[in-house]
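Enquirer: let me see the structure of the following:
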Amino acid sequence: MEFDDNSDQYKILTVLHVKYAGIACALIGLLATVTAFSFGISYFPWSQYDTSFDAIALIGFIIFLVSGVAVHYMLLHAIHFTKVSQCFYPFLI
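Expert: Next up, the predicted model:
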């Protein structure tokens, strides 16, 4: 059995290839991560807590941002630049 990238089993509703759906999901996830970080930083009640708690909260927000951006970047990188990802197209969605 030969791998056929254009087979209907790799398309969502026989219209959208799972590669493009994976790219869309990664971009939406990246945007959601940055948006959640921005809202978290903006609406966190910084003035109600001590400086040490604020520092811990800021470190948590930064870890959230870095890990979220890294995961979504790795997904985009895997889809675009590696041949191994062809085997995982059905599992990306």
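Enquirer: run the chain-centre distance for whichever helix in the chain runs longest.
Expert: Under DSSP state H, the helix in the chain containing the largest number of residues is helix 51-81. In terms of Cα atoms, centre = their mean, to the nearest Å, the centre of helix 51-81 is set 10 Å apart from its chain centre.
Enquirer: stretch 37-54 now?
Expert: How far stretch 37-54 lies from its chain's middle: 24 Å, per Cα atoms, centre = their mean.
Enquirer: so how far is the first residue of it from its last?
Expert: End-to-end distance of stretch 37-54 (Cα to Cα, to the nearest Å): 15 Å.
Enquirer: show me what it is in contact with.
Expert: 57-58, 61, 64-65, 68 (Cβ atoms under 8 Å, 6 or more residues apart in numbering). C-beta coordinates here come from the backbone N, C-alpha and C atoms, glycine included.
Enquirer: in that stretch, what counts as buried?
Expert: For stretch 37-54, a neighbour-count test (16 or more other Cβ atoms under 10 Å) marks Phe37 as buried.
Enquirer: cool, stretch 68-80 as well?
Expert: 68, 72, 75, 79.
Enquirer: need the residues you listed in CSV with pLDDT, can you?
Expert: Formatted as CSV, the entries for the buried residues of stretch 68-80 read as follows, by pLDDT from 0 to 100:
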residue, pLDDT
Gly68, 94
His72, 88
Leu75, 84
Ile79, 79
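Enquirer: possible to save the residues you listed as a markdown table with distance to Asp50?
Expert: Putting these into a markdown table (distance: Cβ to Cβ, whole Å) gives the following:
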| residue | distance to Asp50 |
| --- | --- |
| Gly68 | 27 |
| His72 | 33 |
| Leu75 | 38 |
| Ile79 | 44 |
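Enquirer: the residue positioned nearest the centre of the chain and Ala26: what is the separation?
Expert: The residue lying closest to the centre of the chain (Cα atoms, centre = their mean) is His72, at 3.1 Å. Note on His72: its distance to Ala26, by Cβ to Cβ, to the nearest Å, is 5 Å.
Enquirer: and Phe39, by the same measure?
Expert: 20 Å.
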